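1. Sequence first, then the predicted structure:
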Amino acid sequence: MTALLIVLLLLVLILVRVPVSFAILGAGVIGLAFIGGPHVVDGVMQTAPATSVMSFSLSAVPLFILMAHLIMLSGLLDSLFGATRAVVGRIRGGTAVASIAAGTAFASVSGSSTAAAATMAQTSTVKMVDEGYSPRMASGLVAVVGTLAAMIPPSVILVFYAITAETSVGDQLIAGFLPGILIACTLVAVMYFTMLRNPQHVPAGEKASWADKGRALLTASPLVIVFLAVVGSIYVGLATATEAAALGCVASFILVVAKGRFSLPGLGHTLVETTKTTAMIFAIIIGAHVFGHFLTETKVTPTIVEWVGGLAVPNVVIMLFIALIYVVLGFFMDQIAIIALTVPVVLPLAVELGYDPVWFGVFIVLLAEVGLVTPPLGLNVFVVAKSAGQRIEEVFRGAAPYVVGMLAVALLFLLVPAIVMWIPNTM
């Protein structure tokens, strides 16, 4: 009963817009004080904040965030969209396909869903609307494409999950690659399916000569170097995730200098934004560890595992119920907070049911991505609406068909887990 009351308190704090990190920390402290008294709170607060963020693997998080900001500073993202548009732009729906391709490529060197959505909104959304695409369709598509950065390596969300779940960071990052590509292909399929109803809203793009295509691809090719430096070094075992992140930062900085975009104010802004994002994530980690101590004292996790283990229902049914919980949580909470709060409780249950922890990470991250483009707190939708000058409700409506496609992919992963684990098993 105590655990239930504290969880309800946590939800109330989040709903009244208390910052997630402080809501989690506050609920955890109150819970510890209630069941153990001030001396328990004092003991936990002396040790948990420091030990929770002193993991070597966590150093990959600020490095990947810095790499993403350096890529944006280099200005290569505009050329990335131009390159994909030059290749496929002439076909009907080509600019939309180019947006998906560019978003997928950006995800492979970014790791930030919000940054991807904001950047794509200022380029591809405006261009699609100018070509005659429905503003609802264009903005909704870009909002969903931005979520790929949470799945395709180097994903900060997957790194955070791996650390929380105590799995291999390298395996977890590599596991997100094939699912991310499958989701991108699903978005293309959904786009063409919706085109059947309103073909006039999906026009053909401009034709580009082979010379233009070559120049566009050459301009965007440095991003391939960054991707190979990061993901390739992890896959072949040349570097850990942290070492690969550092290598990616060096490669990104070289691109900034080579493109003539280096300046002290620009670098300063990049470092400040990296620090702000890292501080937010680390604050959530500290709060989650304190809350985790409270859950440990109440023995919630083993009780739930034992109860579910006694249910006479198929494992898939239980996982579908868990999936529904993650989708609902995504409506109201940040992905980092969802993982920090739920994984210590739910992961042992998934393992008890026979699912691999690495697979489970990809599965719940995909479900949490849905929350970025669904009401009421779909962050990517608000970012795209502001950046592209579109109405928020129109962006939500435009994203709805793609959300259905993402949920269908999640169901596929649940029914055929080997799809997710195929590449990690080849490492």
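-> Everything's here; your move. Residues are numbered from 1 along each chain as shown.
2. I'd assumed residue 40 was in contact with residue 33.
-> Yes - assessed by C-beta atoms under 8 Å, residue 33 is found in contact with residue 40 at 7.4 Å. Placement of C-beta: from N, CA and C, glycine included.
3. And the helices in the stretch 1-150 of the chain?
-> 2-15, 20-36, 38-52, 60-74, 76-88, 94-107, 113-120, 126-131, 135-145 (DSSP state H, counting those that start in this stretch).
4. can you redo the ones you listed as a markdown table with distance to residue 291, mean neighbour count and mean pLDDT?
-> Formatted as a markdown table, those follow (distance: least, C-beta to C-beta, whole Å; neighbours: other C-beta atoms under 10 Å; pLDDT from 0 to 100):
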| stretch | distance to residue 291 | mean neighbour count | mean pLDDT |
| --- | --- | --- | --- |
| helix 2-15 | 8 | 16 | 77 |
| helix 20-36 | 4 | 21 | 83 |
| helix 38-52 | 10 | 14 | 79 |
| helix 60-74 | 19 | 26 | 83 |
| helix 76-88 | 37 | 23 | 70 |
| helix 94-107 | 30 | 26 | 79 |
| helix 113-120 | 24 | 26 | 69 |
| helix 126-131 | 42 | 18 | 76 |
| helix 135-145 | 31 | 29 | 84 |
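5. Please identify which of the ones you listed is closest to residue 167.
-> helix 60-74 (13.6 Å; C-beta to C-beta).
6. elements contacting the closest one?
-> helix 113-120, helix 156-165, helix 222-227, helix 241-258, helix 264-298 (3 or more C-beta pairs under 8 Å, 6 or more residues apart in numbering; DSSP states H and E).
7. Who are the packing partners of the second one?
-> Spelled out, that is helix 156-165. When contacts are defined as 3+ C-beta pairs under 8 Å, 6+ apart, helix 156-165 packs onto helix 60-74, helix 169-175, helix 264-298, helix 335-352, helix 357-370.
8. avg pLDDT for the last one?
-> Along helix 357-370, the predicted confidence averages to a pLDDT of 90.
9. Run through the neighbouring helices and strands of that helix.
-> helix 156-165, helix 169-175, helix 177-195, helix 315-332, helix 335-352, helix 392-415, helix 418-421.
10. How about residues contacting the second one?
-> Helix 169-175 is contacted from outside by 57, 60, 153-155, 158-159, 161-163, 231, 234-235, 240-242, 358-359, 361-362, 420-421, 423-424, 427, using C-beta atoms under 8 Å, 6 or more residues apart in numbering.
11. Quick one: buried ones out of those?
-> Among these, the ones that count as buried by 16 or more other C-beta atoms under 10 Å are 57, 60, 153-155, 158-159, 161-163, 231, 234-235, 240-242, 358-359, 361-362, 420-421, 423-424.
12. possible to save the helices and strands packed on helix 357-370 as JSON lines with mean pLDDT?
-> Listed next are those as JSON lines, based on pLDDT from 0 to 100:
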{"stretch": "helix 156-165", "mean pLDDT": "85"}
{"stretch": "helix 169-175", "mean pLDDT": "87"}
{"stretch": "helix 177-195", "mean pLDDT": "88"}
{"stretch": "helix 315-332", "mean pLDDT": "83"}
{"stretch": "helix 335-352", "mean pLDDT": "83"}
{"stretch": "helix 392-415", "mean pLDDT": "89"}
{"stretch": "helix 418-421", "mean pLDDT": "90"}
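13. Select, out of those helices, the one closest to residue 138.
-> helix 392-415 (7.3 Å).
14. what's the angle between that closest one and helix 177-195?
-> Angle, helix 392-415 to helix 177-195, by axes from the mean of the first three to the mean of the last three C-alpha atoms, to 10 degrees: 130 degrees.
15. What is helix 392-415 packed up against?
-> Packing contacts for helix 392-415, counted by 3+ C-beta pairs under 8 Å, 6+ apart, involve helix 135-145, helix 177-195, helix 315-332, helix 357-370, helix 379-388, helix 418-421.
16. how many degrees apart are that helix and helix 94-107 in direction?
-> Using the same axes, to 10 degrees: helix 392-415 against helix 94-107 is 60 degrees.
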